[in-house]
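Novice: When you get a sec, could you give me coordinates for this:
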Amino acid sequence: MKTNKKILVHFDTNETKVYELKTGSISLLHEEQIYFNETLVHDEMFKKFDRFFEKLVDIVGEISNKTVRLYATGIFEELSKEEQMQLIIHVFVNSNLYLNILDKELERFYMEKSKKIDNSENVINGIINQEFRKVVICGSFQQNMKEISELIDKFNEHGIEVLSPWTKNVVPETLGTDFILLEGQELTNVRDAWRHKYDHMNKFKKADAIIVCNPNGIVGKGTMFEFGFMIAHYKRIIFTEEPTNISIVFPYEVGINF
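Specialist: Purely as a prediction, here's the structure:
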């Protein structure tokens, strides 16, 4: 993210907290009791979120998917995937924010990180220490390999595994062609490109987030093709810059925290 100020919101079963992140540390801005376990995923729950976001504007000012991150645990982890998606859609349509519902394994990872910092059990503390375990980076290898390589280095520096691309080295002979190969890959014929494409997309399933490298906001055709696969697997999507050429706006975030 380009801004120095970020807002992190943690929705738990009965407690909601708003934090401000500045220069690597968090401060609690607001907390309140919201009893989400009393409602199912229908209008009553939606209204509780809507009322909260009205209040959030008063607390922090303008909210956007560049400066505000939402995380949900507790009762939200117990919802079915379809219920989670209905809630994510509602929050997105009404606030333009992405509701990141953690799974229990990722929540446990954050708790362990938090304990190492100050022996606390604070999900947000863990998130600002290391938000991802594994990621996939998408983008045009032809146009943006320099920026993708820089991202790979950044993630590696922070102990985050990049599942794909696993190397910055490309097969020189494929530069300038329709399909760039990474070191170690070979093409049997033109149809074999689909095998490599599928292998790349299949790694989405294991990633905590999909990072879309899109300098100047431009998203390539190859990445456009992959969005359906990402969404079908309920994946968190983060663009490095605000996308400028997507025809259907879907839930996403903008900017990486390091």
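Novice: Run a quick neighbour tally on Asp192.
Specialist: Residues within reach of Asp192, counting by other Cβ atoms under 10 Å, total 13. The way it works is simple: take the backbone N, C-alpha and C, and place the C-beta from them, glycine included.
Novice: And Glu107, by the same measure?
Specialist: 17.
Novice: Is it located within a helix, as I assumed?
Specialist: Yes - applying DSSP: H, G, I helix; E, B strand; the rest coil, one finds Glu107 inside a helix.
Novice: quick one, what contacts it?
Specialist: With contact set as Cβ atoms under 8 Å, 6 or more residues apart in numbering, Glu107 has these partners: 73, 77, 123.
Novice: Go again with 10 Å.
Specialist: The neighbourhood of Glu107, defined by Cβ atoms under 10 Å, 6 or more residues apart in numbering, consists of 71-74, 77, 123, 126.
Novice: Please spell out the ChimeraX selection for the buried subset of those residues.
Specialist: For the buried members of these, the matching ChimeraX selection, counting by 16 or more other Cβ atoms under 10 Å, is:
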select :71,72,73,74,123,126
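Novice: Now do the SS call for Leu8.
Specialist: When the rule is three-state DSSP, Leu8 gets the label strand.
Novice: which residues of the protein fall in strands?
Specialist: 6-11, 15-22, 25-33, 68-72, 99-101, 134-138, 161-164, 209-212, 237-239, 253-254 (DSSP state E).
Novice: Take the ones you listed and write them to a markdown table, including distance to Lys116 and mean pLDDT.
Specialist: Below are those laid out as a markdown table (distance: least, Cβ to Cβ, whole Å; pLDDT from 0 to 100):
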| stretch | distance to Lys116 | mean pLDDT |
| --- | --- | --- |
| strand 6-11 | 19 | 96 |
| strand 15-22 | 18 | 95 |
| strand 25-33 | 15 | 95 |
| strand 68-72 | 19 | 97 |
| strand 99-101 | 22 | 98 |
| strand 134-138 | 19 | 97 |
| strand 161-164 | 19 | 96 |
| strand 209-212 | 22 | 98 |
| strand 237-239 | 25 | 97 |
| strand 253-254 | 26 | 96 |
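Novice: okay, Glu62: pLDDT?
Specialist: Glu62 is assigned a predicted lDDT (pLDDT) of 87.
Novice: Against Ala193, how distant is it?
Specialist: Using Cβ to Cβ, to the nearest Å, Glu62 is found at 44 Å from Ala193.
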